[in-house]
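Sequence first, then the predicted structure, then my questions.
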There are 2 protein chains.
Amino acid sequence: MAHSAAERVDEQRLWRRHMELAAIGATQKGGVNRQALTAEEFDARRLLVTWATELGLQVFTDDIGNLFLRLEGTDPELAPVLTGSHIDTQPTGGKFDGAYGVLAGLEAVQAIIEAEVRTRRAVEVVAWLNEEGSRFTPGMMGSEAFAKLRGLDEMLNVKDRDGVSVSAVLPEALAATPEAIHRPLGSPVAAFVEAHIEQGPELERLEKTIGVVTGIQGVRRIRVAVTGEEAHAGTTPRATRRDALEESSRMVAALYRGLYIDDDVRFTVGMMQIEPNVPSVVAARVVFSVDLRHPDTETLADLADCVDAICHREASMCEVEIWQIAEAQSIHFNELVVDTIQAASDRLGLANMRIFSGAGHDARQLHFVCPTGMIFVPCEGGISHNEAENATPSDLAAGTRVLVETLLELSET
Amino acid sequence: MAHSAAERVDEQRLWRRHMELAAIGATQKGGVNRQALTAEEFDARRLLVTWATELGLQVFTDDIGNLFLRLEGTDPELAPVLTGSHIDTQPTGGKFDGAYGVLAGLEAVQAIIEAEVRTRRAVEVVAWLNEEGSRFTPGMMGSEAFAKLRGLDEMLNVKDRDGVSVSAVLPEALAATPEAIHRPLGSPVAAFVEAHIEQGPELERLEKTIGVVTGIQGVRRIRVAVTGEEAHAGTTPRATRRDALEESSRMVAALYRGLYIDDDVRFTVGMMQIEPNVPSVVAARVVFSVDLRHPDTETLADLADCVDAICHREASMCEVEIWQIAEAQSIHFNELVVDTIQAASDRLGLANMRIFSGAGHDARQLHFVCPTGMIFVPCEGGISHNEAENATPSDLAAGTRVLVETLLELSET
């Protein structure tokens, strides 16, 4: 039988909070531009802390600006159970990616409070800093710093396009919520559960409400730099050109032709930085991104080798440099957490399926720290990282009920 | 026999002025970033007017901010002979493109003054506003406004990437040289001669000092917009993607393969604007530039049709829009001016050749207003629109001597 707290999840309230948060950084096309460490994100932090304070939660932060909202347990000495996600978006983001995980956490805690349930371990809602990595690249800063997978100093030195560093703006983020108590980075955690929209089409297609996430597929993030020579577009004969944009286009086209060896491949060139990027000047240099994913680690390695081979094959007059900026192995979540989420979904009578995550999430980093799992809910048309991103109030509430059940189970362990 | 004034051209002084002007907006790589209507360009206007005032020239400006430095003639009622070019550069420009034409004009006037020659018509050195069109696109603003080929209001409303309009910054340009007397746009001109570096390799290859320019090749400036749909790079299967960067790359690669039907074709994709241009997001929209030139007007029209056909052929999941933003026919300069430049070069004993300009210049616009011609000097390796742009002091001085001769001839007509 389900806990009474799950019944306290308020679909309307959860939806209203989503809309209220989405108003901060709202775009004309109905999306959200609320990049980490910008004025919009500071406002969102403020709003979150206002809600938490109304619920009587304690607020903490750490050296990288992660935000923790704590519902105390009956045994305050025990490590808490964590749930949450991130409140930053990419420049053309939607209302749910990240925000859902944080607001589902807050709703779950409120439901637990209203049901007058006391948990043994504290339950904390976390908003990890800069998951998207838009203004400050790469992302996953908060969870990676927390899991000590990257050094804090390295992150603090990351600069945006204007040369402003994370360390220069982080004090503003902290000043937005002066009531937050500082705690050391990477304090003990008993378990972590992240609720998230699927960001893919499978749940909707198979008419499931809950995705019980079994792991996250591996990814390689690669950069290719093509260096030619600037020249006048009107005068320079083809024979003496070293056109970085011509050769980059040939490489990108060839990569899209060559890399799709099976349906599980996810290959994307999403960014090109072109110098000088002027219509009348032959491009001197192009740096483009490669985002390459595959559930199978060996296939992923083979595909990364192909990127190298294809780019070198397509280069003629230009020089090519290729380097990997990040690599993540496919991971498989803790079976206890996966089974707990599965059991909660079944108990609540929700149609569910096991699913492997195509996207990376903060949960990947937490997996290296504590037993971790994720709950997916459907998003409309599988569309995400898009201003049109959408989900139904009832699916969001259903996922939150599964989260309540899961948190209550894990907080007693 | 050559005029005595040509002997007064001072190679060292001309070179020193180039270096002094190049210091304004100097880049680390030895180039110049002095975009029109920026603080750097205002400083350059100031410097120019300082030099002109020392020579006793009168300074004028007009509604679009062109700058005229006038050496009075014996008959002030006659329309003046104009010479000059532009002092703005693109972001990664060199020391000579544009600057040479203005400084050669100033040197020519100084040589005429020092030789104590009085011309019948006034001789004016002009710096046309915003030839490059980098901050405010498109370029050729000063000469197009002067020649009334585009409306003044249209130009004043052009905005930069931050939404700042030409009309908002133009007063700052005018305030930089308060001594300049305002005159109406498009005052009468007897003739125009523009000295310029070749921006191509021919003069150097054939060991000629002077290029007697016979005309300017036609150009079509086209934009191609490819609209797909934003999606998550890690989750969205290939079958449901509408990847604007994938299809744009295919188009650009195909255009470079298909359009080079002869050695006279000049085809360049120099700019791509990608939205959102983030590594982990499938691109929703790409707008890329096509710069297409050919001396033969009919071939140029055929090639423009090919751009259309190839882009539509390569599109699959995305929508394509193609539009032309500018079209210029090939033009042929006034024979009297061309012959005058030719005769001057011969008289001075300088190795010369007739040459057709691959690049567009302010002289194109003046061609529609008055008898017009151009003098080319070699640039090192044919390299231009590049921070490494270079020319020799003696070639620059030789071109200036031809300019002196030409101005003296034309000012007596």
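Perfect, I can see it now.

strands paired with the lowest-mean-pLDDT helix or strand in chain A, and their directions?
Least confident helix or strand, chain A: strand A:231-232 with a mean of 88, by mean pLDDT, DSSP states H and E. With DSSP bridges as the test, strand A:231-232 is paired with strand A:281-282 (antiparallel).

could you give me the average pLDDT of the strand it pairs with?
Across strand A:281-282, pLDDT averages out at 92.

Next: stretch A:335-343.
Stretch A:335-343 comes out at a mean pLDDT of 97.

Mind listing what's buried along that stretch?
By 16 or more other CB atoms under 10 Å in any protein chain shown, the buried positions in stretch A:335-343 come out as A:337-338, A:340-342. Quick note: C-beta positions are derived from backbone N, CA and C, even for glycine.

how about these, which pair is most distant?
A:Val337 and A:Gln342 (9.6 Å; CB to CB).

which residues touch A:Gln35?
A:25, A:41, A:88-91, A:132, A:134-135 (CB atoms under 8 Å, 6 or more residues apart in numbering or on different chains).

What of A:Ala244?
A:226-228, A:274-275, A:282-286, A:318.

and these, which of them are in helices?
Here DSSP state H is the test, and these give no hits in helices at all.

Now a ChimeraX select for only the buried ones of those residues.
Applying 16+ other CB under 10 Å to the contacts of A:Ala244, the buried members can be selected in ChimeraX as follows:
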select /A:226,227,228,274,275,282,283,284,285,286,318
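
Just the contacts of A:Ala244: which are in strands?
Secondary structure from DSSP state E places A:226-227, A:274-275, A:282, A:285-286 of the contacts of A:Ala244 in strands.

Just send those residues back as JSON lines, with distance to B:Arg118 too.
JSON lines is the format used below for these (distance: CB to CB, whole Å):
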{"residue": "A:Val226", "distance to B:Arg118": "58"}
{"residue": "A:Thr227", "distance to B:Arg118": "55"}
{"residue": "A:Ile274", "distance to B:Arg118": "53"}
{"residue": "A:Glu275", "distance to B:Arg118": "50"}
{"residue": "A:Val282", "distance to B:Arg118": "46"}
{"residue": "A:Arg285", "distance to B:Arg118": "52"}
{"residue": "A:Val286", "distance to B:Arg118": "56"}
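
follow-up on the earlier one: also near chain B: which of the buried residues of stretch A:335-343, exactly?
By CB under 8 Å from any CB of the partner chain, no member of the buried residues of stretch A:335-343 lies near chain B.

buried sites along the helix or strand just after the least confident helix or strand of chain A?
Reading on from strand A:231-232 to the C-terminus, the next helix or strand found by DSSP states H and E is helix A:244-259. Under the neighbour-count criterion of 16+ other CB under 10 Å, helix A:244-259 has A:244-256, A:258-259 buried.

for those residues, which one is nearest B:Arg205?
B:Arg205 lies nearest to A:Glu246 out of the buried residues of helix A:244-259, by CB to CB, at 23.3 Å.

residues in contact with that closest one?
With contact set as CB under 8 Å, 6+ apart, A:Glu246 has these partners: A:283, B:252-253, B:256, B:269.

Quick one: the helices in chain A, in order.
Under DSSP H, chain A gives helices at A:4-7, A:11-22, A:39-54, A:99-114, A:141-146, A:152-156, A:166-175, A:202-205, A:244-259, A:297-314, A:335-347, A:362-366, A:393-411.
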